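> make a model of this:
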Amino acid sequence: MVKSGRVKTEGDELYYEIRGEGEPLLMISGGNGDAGFYSYVADILADEYQVITYDRRGNSRSTRNDPQNFEVSQQARDAVAVLEAAGHQSAYIFGNSGGAVFALELAARHPQSVKAMVIHEPPVVRMLPDSEKWQRFFAGVYRTSFRFGIQMASFKFNLSLSIPFSAFKSVPKDFQKRVTEASNESFLIRYEMIPSVNYMPDIERIKQNGVKIFAAAGRMTLDKGKYYGRTAPILAEKLDCELVTFPGHHLSFFDMPQEWAAVLRDVLHKVPG
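Numbering: from 1, shown residues only. Next comes the predicted model:
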């Protein structure tokens, strides 16, 4: 069973879903996503955890009030608001891609809300040795959206991800319909992308907070040397935390949910009760 609800915070209403009855696990989606990002693995993990997913501010069933002034810090506060609306003060946290960026801000500014955290392939490109190259790339995607339109900018951005076609064949149809109708990709490129990739985690503050963190990336991502996966070993070294290898690529919770969920479950089992 899936329970749904809404919470109003800082001028917008956020839609969320709850599955299961166990220890809370809040899963934060990346750009162009919503609660449906994790529906396959949430169903699997709900036998042990109370899995909380949500449509982030500006995406799908959550509202998008103008004017928009996208802030990573607000995304972290939104995660806390959803968690509290679901009836919890703290939870296990998982974030993928942009969701992992917002999770890092959560670890720095709201450590009381985190039991443990898995950050999966965060595009914190400023931490890379070739950071200027990637900052120029994303600035170019942003400019392309105004010069040639969102579709061309999206094509340019998606080429950099190199997601196997098998993943897109496995995307839930209701999810695909929602994100298209809500123009999530446009919101990602015009509002979310630049603040997210320019974000620099406050490493010292996270370490001082004592938050238990696992840095993570997919095996295919690491083998291909993709920019969003190269950040994981760097963060593992700087945070002095374990590096976890998930199966597959950036979005493998779509096309290999059983294997993917098994790894996340194993990681969470490492956290003392």
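
> where in the stretch 1-150 of the chain is pLDDT low?
For the stretch 1-150 of the chain, residues meeting the criterion pLDDT under 70 lie at 67.

> the helices in it, which residues?
Per DSSP state H, counting those that start in this stretch, the stretch 1-150 of the chain has helices spanning 39-45, 72-85, 98-109, 131-147, 150-161. These are given in chain order.

> which residues touch the first one?
The contact list for helix 39-45, computed with Cβ atoms under 8 Å, 6 or more residues apart in numbering, reads 17, 19-20, 25, 27, 51, 53, 172, 175, 253-254, 257-258, 260-261, 264-265. Yep, even glycine has a C-beta here, placed from its N, CA and C like the rest.

> where's Gln176, which helix or strand?
Assignment of secondary structure by DSSP states H and E places Gln176 within helix 173-181.

> elements contacting the helix or strand just after that helix?
Scanning forward in sequence from helix 173-181 by DSSP H and E, the next helix or strand is helix 184-187. For helix 184-187, the helices and strands in contact under the criterion 3 or more Cβ pairs under 8 Å, 6 or more residues apart in numbering; DSSP states H and E are helix 150-161.

> between the helices of the stretch 1-150 of the chain, which one is closest to Ala167.
Counting by Cβ to Cβ, Ala167 lies closest to helix 150-161 out of those; the figure is 9.9 Å.

> how about Leu14, what does it touch?
Under the criterion of Cβ under 8 Å, 6+ apart, the contact list for Leu14 reads 6-8, 54-57, 62-63, 78, 81-82, 85.

> can you show me the strands along the stretch 151-273 of the chain?
Counting by DSSP state E, counting those that start in this stretch, the stretch 151-273 of the chain forms strands over residues 213-218, 242-246, given from the N-terminal end onward.

> now list the buried members of the contacts of helix 39-45.
Judged by neighbour count, with 16 or more other Cβ atoms under 10 Å as the criterion, the buried members of these are 17, 19-20, 25, 27, 51, 53, 175, 253-254, 257, 260-261, 264-265.

> measure stretch 204-223 end to end?
Looking at stretch 204-223, the gap from its leading to its trailing residue is 29 Å under the measure Cα to Cα, to the nearest Å.

> for the contacts of Leu14, which one is nearest Leu188?
Arg56 (10.2 Å).

> torsion angles phi and psi at the closest one?
Reported as degrees, to the nearest 10, the phi and psi values for Arg56 are phi -70, psi 160.

> hmm, Leu26 and it touching each other?
No - with contacts counted by Cβ atoms under 8 Å, Arg56 stays clear of Leu26, the gap being 11.8 Å.

> may I see the buried residues of stretch 110-123?
Neighbour-count burial for stretch 110-123 [16+ other Cβ under 10 Å]: 110-111, 113-123.
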